[in-house]
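Asker: Let me see the structure of the following:
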Amino acid sequence: MSTISVQGSSITIEKKNEDDYVSLTDMAKFKNPESTGLVISHWLSTRFAIEFLGIWEQINNPNFNVTEFSNIRFNAGSNGYVLSAKQWIERTNAIGIISSVGRYGGTYAHKDIAFEFGSWLSPEFKYYLIKEYQRLKDDEQKQLGWSAKRELAKINYRIHTDAIKQNLIPQELTPAQKSFVYADEADLLNVAMFGMTAKEWREQKPELKGNIRDYASINQLICLSNMENLNAVFINDKLSQSERLEKLNRIAIQQMKVLENIEERKLLSEDNK
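Answerer: Model (predicted):
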């Protein structure tokens with residue numbers, strides 16, 4: 001569930017069957033906060049709304065009741081004709097609009113339909129609805145990219161720890177000693193990148209949950225992924241830990257400068273558009 005703000009109205013968006021459904025109930029509060037169901041019914045009773053809904057359902061819903069839709073379309077727009085969301089769904093087997101009762105209930109519609117409802121409410125409201133929805137999607141894509149890089153760092157760390165196991169941990173070590181070596185190697189990368197160990201970070205930031213890498217930037221995660229692979233190579237080459245720390249720190253500085261320069265050039269390019 002996500003929420004966007006459109007002209008002072010908080011609009012809920014839920015994922016249903018892999019599609020985004022927008023709360024028409026929340027949108028209707030823009031016109032009448034006390035009678036949202038009535039606002040939706042008034043819109044559904046217009047011929048414009050019924051024509052659009054019919055087209056959408058026939059394209060996306062193989063079980064759409066076309067016969068009943070024709071009856072509704074015939075009456076739509078006539079004086080005194082009122083159609084509720086529940087009636088529309090039950091009579092036509094519609095899937096573009098979903099209605100439920102209860103504390104967390106309400107009427108939701110596929111984003112295509114919600115945008116049309118926004119047009120009926122106000123062209124300005126529709127404009128800002130689309131802008132805020134797109135901003136939400138852009139933010140989700142950025143978060144997805146960050147999560148993907150975080151997972152890449154975890155995968156590369158597994159490669160890194162496998163190299164430790166094969167090259168630095170003799171069989172005679174106890175499990176506790178093995179664990180200490182793993183932690184030491186993890187902190188090797190932390191010191192090379194962040195200038196501190198995981199324990200030092202926790203002591204400096206006791207109010208934060210998670211670990212130091214959970215608060216890394218995308219560029220830092222990219223650099224960490226590269227460093228994990230390189231450390232595995234250095235371990236295989238039998239370099240001492242002090243040698244590896246020095247090399248990795250130099251690499252971190254160099255790569256972060258390159259990545260930050262790329263980011264800066266990108267921002268300058270966007271500003272000049």
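Asker: going forward, measure contacts between C-alpha atoms and count neighbours the same way
Answerer: Fine.
Asker: so after the lowest-mean-pLDDT helix or strand in the chain, what's the next helix or strand?
Answerer: Ranked by mean pLDDT, DSSP states H and E, the weakest helix or strand in the chain is helix 175-194, scoring a mean of 68. Using DSSP states H and E, the helix or strand that follows helix 175-194 in sequence is helix 198-204.
Asker: Which positions in the next helix or strand after that next one come out as buried?
Answerer: Sequence-wise, the next helix or strand downstream of helix 198-204 (DSSP H and E) is helix 218-236. Residues 218-232, 234-235 are the ones in helix 218-236 that count as buried (16 or more other CA atoms under 10 Å).
Asker: for stretch 8-19, same thing?
Answerer: I11, T12, I13, E14.
Asker: part of a strand, is N32?
Answerer: No: with DSSP: H, G, I helix; E, B strand; the rest coil as the criterion, N32 is located in coil rather than a strand.
Asker: what's it sitting at in phi/psi?
Answerer: Dihedral angles of N32 (phi, psi; degrees, to the nearest 10) stand at phi -160, psi 100.
Asker: now the one 3 residues further on
Answerer: Per-residue torsions, S35: phi -140, psi 60 (degrees, to the nearest 10).
Asker: Run through the residues that contact it.
Answerer: K29 (CA atoms under 8 Å, 6 or more residues apart in numbering).
Asker: ok now stretch 53-71, how far from the chain's centre?
Answerer: 32 Å (CA atoms, centre = their mean, to the nearest Å).
Asker: Put the alpha carbons of that stretch into PDB.
Answerer: Written as PDB, here are the backbone C-alpha positions of stretch 53-71 (Å, rounded to 0.1, in the frame of the first residue of the first chain):
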ATOM      1  CA  LEU A  53     -15.700   1.700 -18.300                       C
ATOM      2  CA  GLY A  54     -17.300  -0.500 -21.000                       C
ATOM      3  CA  ILE A  55     -14.300  -0.100 -23.300                       C
ATOM      4  CA  TRP A  56     -11.800  -0.800 -20.500                       C
ATOM      5  CA  GLU A  57     -13.600  -4.000 -19.400                       C
ATOM      6  CA  GLN A  58     -14.100  -5.400 -22.900                       C
ATOM      7  CA  ILE A  59     -10.300  -5.000 -23.500                       C
ATOM      8  CA  ASN A  60      -9.200  -6.400 -20.100                       C
ATOM      9  CA  ASN A  61     -12.000  -8.600 -18.800                       C
ATOM     10  CA  PRO A  62     -13.000 -11.800 -20.800                       C
ATOM     11  CA  ASN A  63     -15.900 -12.400 -18.400                       C
ATOM     12  CA  PHE A  64     -17.400  -8.900 -18.800                       C
ATOM     13  CA  ASN A  65     -21.200  -9.100 -19.200                       C
ATOM     14  CA  VAL A  66     -21.700  -7.100 -22.400                       C
ATOM     15  CA  THR A  67     -25.500  -7.600 -22.400                       C
ATOM     16  CA  GLU A  68     -25.900  -6.100 -19.000                       C
ATOM     17  CA  PHE A  69     -23.500  -3.300 -19.900                       C
ATOM     18  CA  SER A  70     -25.700  -2.400 -22.900                       C
ATOM     19  CA  ASN A  71     -28.700  -2.100 -20.600                       C
END
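Asker: Now do the buried residues in it.
Answerer: Here stretch 53-71 shows L53, G54, W56, E57, F64, N65, V66, F69 as buried, counting by 16+ other CA under 10 Å.
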